[in-house]
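Student: Provide a 3D model corresponding to the input given below.
(one chain, ligands or ions: 1)
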Amino acid sequence: MCRVHNRVLYIDIDIHHGDGVQEAFYNSNRVLTVSFHKYSPDFFPGTGHLDELGHSLGKYFSLNVPLQDGIDNESYVALFKSIMEPTIYTFSPSAIVLQCGADSLGCDRLGAFNLSIAAHGECVRYIKSFNLPLIVLGGGGYTIKNVSRCWTYETSVLLGLEGSLPNTLPHTPYDDFFSPDWKLHPELAGGRNRVENMNDGEDQDGSVGEVARNAWCSVSYDARGSARLDAVGSRGNERRGMEG
Ligand SMILES: [Zn+2]
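Tutor: Down below sits the predicted model:
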């Protein structure tokens with residue numbers, strides 16, 4: 001891809017940090033990686049801290065949005081859009097790769113977020129709306145019936161057909177698998193399935209996602225392939241240590 005495209009944006013919404021792709025392009029200013037993931041020392045792969053920014057020419061070309069258990073639809077989608085919009089406009093990629101790991105859905109066997117299929121798919125719809133050449137990939141996902149639901153829905157989003165897809169699943173030899181609701185959009189984060197949201201700090205600015213938002217919305221890129229962190233709000237200024 002880098003032979004054809006000058007600037008490639010890689011976005012990863014799998015619940016695990018996109019460590020391999022970040023590592024591959026850590027010194028490069030031609031591939032910008034952005035990963036939204038659960039960050040905890042005891043959660044695989046244990047990387048993806050805010051301070052992992054890229055190195056040398058690649059500084060500020062590796063962005064990480066570390067999150068805690070239980071993030072909900074509203075805050076995830078708002079955070080995703082508020083970071084991706086300025087990033088796409090200033091980095092100006094000629095192509096985008098979007099990794100759609102479904103382990104960030106609620107009810108995942110390994111994951112611990114509260115995302116619905118509609119919210120996960122909204123991230124796909126949003127990136128598609130920029131009308132840039134786009135490759136969409138699968139990824140992780142450990143509650144298999146929801147992985148198939150999610151990627152079916154996201155295929156329809158990419159084709160612009162999500163509005164005409166019925167919520168009731170068609171009868172197939174796999175009906176037992178999708179009981180008891182046989183829906184495309186089951187409730188994944190209600191009642192006892194809901195994971196406590198650990199992302200809210202004492203104040204809104206105190207959450208890890210907000211710190212990332214304040215920092216990454218202030219990074220700008222120019223056509224010559226350099227990046228800089230512009231003056232940001234009070235919370236972002238505290239992150240100035242990242243520049244060192
Ligand atoms: Zn994963």
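Student: In contact with residue 199: list those residues for me.
Tutor: 67, 68, 70, 71, 75, 207, 208, 209 (C-beta atoms under 8 Å, 6 or more residues apart in numbering). Backbone N, C-alpha and C define where each C-beta goes, glycine included.
Student: Run a quick neighbour tally on the fourth one.
Tutor: Under the neighbour criterion other C-beta atoms under 10 Å, residue 71 is assigned a count of 28.
Student: Nearest to the ion among the contacts of residue 199?
Tutor: residue 67 (13.2 Å; C-beta to the ion).
Student: Tell me the buried residues in the helix ranked longest in the chain?
Tutor: As assigned by DSSP state H, the longest helix anywhere in the chain is helix 73-91. For helix 73-91, the buried set under the neighbour-count rule, 16 or more other C-beta atoms under 10 Å, comprises 73, 75, 76, 77, 79, 80, 82, 83, 84, 87, 88, 91.
Student: and the gap between the second one and residue 22?
Tutor: From residue 75 across to residue 22, the span is 23 Å (C-beta to C-beta, to the nearest Å).
Student: So for the residue in the chain that the ion sits nearest to, what pLDDT did the model give?
Tutor: In the chain, the residue found nearest to the ion is residue 140; the distance is 2.6 Å by C-beta to the ion. Confidence at residue 140, expressed as pLDDT, is 98.
Student: With the one 3 residues further on instead?
Tutor: The per-residue pLDDT reported for residue 143 equals 97.
Student: Next, count neighbours for it.
Tutor: There are 19 residues near residue 143, going by other C-beta under 10 Å.
Student: same check, this time on residue 118
Tutor: 17.
Student: Quick one: the strands in the chain, in order.
Tutor: With strands called from DSSP state E, the chain shows them at 8-12, 31-38, 62-67, 95-99, 134-137, 219-221, 227-229.
Student: So is the longest one next to the ion?
Tutor: Just to be clear, that refers to strand 31-38. No: Strand 31-38 lies apart from the ion when judged by C-beta under 5 Å from the ion; the minimum separation is 8.1 Å.
Student: try the fifth one
Tutor: No: for strand 134-137 and the ion, the contact criterion (C-beta under 5 Å from the ion) is not met; the two come no nearer than 11.9 Å.
Student: okay, that strand in CSV with CA atoms only?
Tutor: Below are the C-alpha coordinates for strand 134-137, written out as CSV (Å, rounded to 0.1, in the frame of the first residue of the first chain):
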residue,chain,number,x,y,z
LEU,A,134,-10.8,2.5,2.4
ILE,A,135,-9.9,-1.1,3.4
VAL,A,136,-12.0,-2.5,6.2
LEU,A,137,-10.6,-5.5,8.1
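Student: that older thread, TSV for the strands of the chain, including mean pLDDT and mean neighbour count?
Tutor: Shown next, in TSV, are the strands of the chain (pLDDT from 0 to 100; neighbours: other C-beta atoms under 10 Å):
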stretch	mean pLDDT	mean neighbour count
strand 8-12	98	25
strand 31-38	98	26
strand 62-67	97	24
strand 95-99	98	20
strand 134-137	98	15
strand 219-221	95	19
strand 227-229	93	16
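Student: List the residues that contact the closest residue to residue 109 other than its chain neighbours.
Tutor: Of all residues not flanking residue 109 in the chain, residue 142 sits nearest, at 3.9 Å (C-beta to C-beta, 6 or more residues apart in numbering). The contact partners of residue 142, taken as C-beta under 8 Å, 6+ apart, are 103, 108, 109, 110, 111.
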